[in-house]
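Enquirer: Could you work out the structure for the sequence below:
(2 chains)
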2 protein chains.
Amino acid sequence: MAALTPQTPLGPSLSKPSSRSASTSSARTAVRRDFSTGHRWLSINTATVRVQWPLDRIIDECAARGIRAISPWRDQVRAVGLDRVAAHLRDTGLELSGYCRGGMFPGVDAQARRAALDDNRRAVDEAKTLNAACLVLVVGSLPGALAGAPAHKDIAAARGDVRDGIAATLEYARAAGMPLAIEPLHPMYAADRACVNTLEQALDLCDALDPQRSGALGVAVDVYHVWWDPKLEAQIARAGRERLLAFHVCDWLVPTRDLLNDRGMMGDGVIDIPRIRSWVEAAGFTGYSEVEIFSAGNWWRRDGGEVLDTCIARHRSAV
Amino acid sequence: MAALTPQTPLGPSLSKPSSRSASTSSARTAVRRDFSTGHRWLSINTATVRVQWPLDRIIDECAARGIRAISPWRDQVRAVGLDRVAAHLRDTGLELSGYCRGGMFPGVDAQARRAALDDNRRAVDEAKTLNAACLVLVVGSLPGALAGAPAHKDIAAARGDVRDGIAATLEYARAAGMPLAIEPLHPMYAADRACVNTLEQALDLCDALDPQRSGALGVAVDVYHVWWDPKLEAQIARAGRERLLAFHVCDWLVPTRDLLNDRGMMGDGVIDIPRIRSWVEAAGFTGYSEVEIFSAGNWWRRDGGEVLDTCIARHRSAV
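Expert: As a prediction, this is how the structure comes out:
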């Protein structure tokens, strides 16, 4: 099957660590759940096939393949209708490993920041209606930067807005019973998408806003964003079960041709995903492994069924 | 003074988001040298006009504009000839704020790693011949990744190679009297160019290999690579005068259209360069501010004289 052919000389089979780290690696992999025999713990972030299908078709195609969970985006839900999606999920038995997304807290003025809080409360309500495991927060950064017109250069101020925004949303989400998962984004998105850029920074926020580790606030660990971090293993251990609310996978391609939409299928890049998963599971995480691939040049151009089948195969062989 | 105050885990502005950065910012800018009236402390990394001119022309054009320092690349020096470049520098009185570059330590096997060490010793010798302030190290990462064919996925092993490689090179460089400046690269280069990706990580290496803070080992702080880091101010303070061997500037554009060659001219992007320079100078740095811009779509297409004149103007207004 063409789709399963590795795109780089480095295929999914290349998980052999160098001799220098073999012993620690095998000690760690021992705690991993065995994904090789099935895809019980596979979730599909619906952006992965967003170009091919609307959400109702994605739900059907996932259910038909025995996929047990998805993580949809708000615009995809809106296009089909919230209540219709909720009913469709009940009918098919699919769970939500997360809901994408809240956040984008910084604003040029108080009015813009209030509007963001309103919108985040609506996102919490939608996540609740869909019975999501958590609402994922992409926190935002310099106001206007995403549109190419940053209002200022003060990333410390944006970080202040983010802290205030999460604090306000947490109050609402806690009452609604919807956990918030801060997703640290790769530093290459620090200007326009998220000014929370390391797991350590996200956990510092969690400790400040939810010191009791109540489960109401945690993190979404996406290997694409954090794989490079020399402190990753230690920070995953620090996060622990109460803070690890979601685990996302894809791969980092060499070369990467676009900052946003050139993510790789698991096994086609350089991220040692099994090792990172072993750390996450050693810390107590027992949830889904959610595939989230933005790929304008490759996977978004293929048949959606081929993409899902490849996700299932790579979930077994490369996650 | 504010710049020397240790950060809380969340950073100073997060604990006081409403007053934001106004007060701390003005306190910090007070320690900056005044660049507005001249370009005594401007250095040009010669990659900035590498497409337009060979190195001997670059030296003449810089000297003609009263620019006092450059930082050339090895291939540019080789194209003209080492001794000829050395003589040309003596004739014009130009200094070297740094020499680009050593590093690329990881290799597929012991032979490859030995070859890298040989090459780094040659780089030290060349830097010495040219009387450079330091040899900049871009340390490398997964062997083969830069050519699109990574030999393995073990970034921890690559980091081990880097530590060993710097340790070996440091012995030679110390004897030669040539300081080594580890340049932490942006995490988007973690796979193929450098597995040292934060200033904290670079300083941990310095502390391990040169605990006496002898001046033989330090860091090159390039705002492009580190501007996003929530721990930047604290780590710059930690580095101190002995470890701050070079300061590089350019800007982060929104959007950034290419991972390597879409750097912006100072003032055209979102990096608060004056603030970062105030931190660096508060820590004791008194050297050159070196402009290093890779720009396939813009600055490399312009007349070299226009580029240098713009660097001079922006050095005064935006650095």
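Enquirer: State the next helix or strand along the chain beyond the helix or strand hosting A:D118.
Expert: In the assignment (DSSP states H and E), A:D118 maps to helix A:110-129. Using DSSP H and E, the helix or strand that follows helix A:110-129 in sequence is strand A:135-138.
Enquirer: what's in contact with the helix or strand harbouring A:C311?
Expert: According to DSSP H and E, A:C311 maps onto helix A:304-318. Helix A:304-318 is contacted by residues A:1, A:3-4, A:12-13, A:15, A:35-39, A:41-42, A:44, A:48-49, A:52-53, A:57-58, A:61-62, A:65, A:67, A:251, A:265-267, A:273-274, A:289, A:291, A:293, A:299 when judged by C-beta atoms under 8 Å, 6 or more residues apart in numbering or on different chains. The C-beta positions use only the backbone N, C-alpha and C, and glycine is treated the same way.
Enquirer: So for chain A, the centremost residue is which one?
Expert: In chain A, the residue lying closest to the centroid (C-alpha atoms, centre = their mean) is A:H248, at 4.4 Å.
Enquirer: Which of the three states applies to that residue?
Expert: Under DSSP: H, G, I helix; E, B strand; the rest coil, the three-state class of A:H248 is strand.
Enquirer: starting at the chain centroid, how far to stretch A:286-303?
Expert: Using C-alpha atoms, centre = their mean, to the nearest Å, the distance from the centre of stretch A:286-303 to the centre of the chain it belongs to is 11 Å.
Enquirer: touching chain B at all, that stretch?
Expert: No - judged by C-beta under 8 Å from any C-beta of the partner chain, stretch A:286-303 and chain B are separated, with a smallest distance of 13.6 Å.
Enquirer: What average pLDDT does that stretch get?
Expert: Averaged across stretch A:286-303, pLDDT comes to 98.
Enquirer: Then stretch A:249-264?
Expert: Here the average pLDDT along stretch A:249-264 is 98.
Enquirer: Stretch A:308-319 too?
Expert: For stretch A:308-319, mean pLDDT rounds to 98.
Enquirer: And the residue in the stretch 101-250 of chain A positioned nearest to chain B, how far from A:A167?
Expert: Taking C-beta to the nearest C-beta, chain B has its nearest neighbour within the stretch 101-250 of chain A at A:G160, 3.0 Å off. Per C-beta to C-beta, to the nearest Å, A:G160 is found 11 Å from A:A167.
Enquirer: From A:P106, how far off is the residue of the stretch 101-250 of chain A closest to chain B?
Expert: With distances taken as C-beta to C-beta, A:G160 is found 9 Å from A:P106.
Enquirer: quick one on the thing from earlier: burial check on the residue of the stretch 101-250 of chain A closest to chain B, number of neighbours?
Expert: If you count neighbours by other C-beta atoms under 10 Å in any protein chain shown, A:G160 ends up with 26.
Enquirer: Kindly export the helix or strand containing it (C-alpha atoms) in PDB.
Expert: Taking DSSP H and E as the criterion, A:G160 maps to helix A:155-176. What follows is helix A:155-176, C-alpha atoms only, in PDB (Å, rounded to 0.1, in the frame of the first residue of the first chain):
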ATOM      1  CA  ILE A 155       5.200  39.100  24.700                       C
ATOM      2  CA  ALA A 156       5.400  39.500  28.400                       C
ATOM      3  CA  ALA A 157       2.100  41.500  28.300                       C
ATOM      4  CA  ALA A 158       0.500  38.800  26.100                       C
ATOM      5  CA  ARG A 159       1.600  36.200  28.700                       C
ATOM      6  CA  GLY A 160      -0.100  38.300  31.400                       C
ATOM      7  CA  ASP A 161      -3.300  38.400  29.300                       C
ATOM      8  CA  VAL A 162      -3.100  34.600  28.900                       C
ATOM      9  CA  ARG A 163      -2.800  34.100  32.600                       C
ATOM     10  CA  ASP A 164      -5.700  36.300  33.300                       C
ATOM     11  CA  GLY A 165      -7.800  34.700  30.600                       C
ATOM     12  CA  ILE A 166      -7.200  31.200  31.800                       C
ATOM     13  CA  ALA A 167      -7.900  32.200  35.400                       C
ATOM     14  CA  ALA A 168     -11.300  33.600  34.400                       C
ATOM     15  CA  THR A 169     -12.200  30.700  32.100                       C
ATOM     16  CA  LEU A 170     -11.100  28.200  34.700                       C
ATOM     17  CA  GLU A 171     -13.700  29.500  37.100                       C
ATOM     18  CA  TYR A 172     -16.500  29.000  34.600                       C
ATOM     19  CA  ALA A 173     -15.100  25.600  33.300                       C
ATOM     20  CA  ARG A 174     -14.600  24.300  36.800                       C
ATOM     21  CA  ALA A 175     -18.300  25.000  37.600                       C
ATOM     22  CA  ALA A 176     -19.300  23.300  34.300                       C
END
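Enquirer: What mean pLDDT does that helix get?
Expert: Mean per-residue pLDDT for helix A:155-176: 98.
Enquirer: which residues touch A:A176?
Expert: A:A176 is in contact with A:124-125, A:128, counting by C-beta under 8 Å, 6+ apart.
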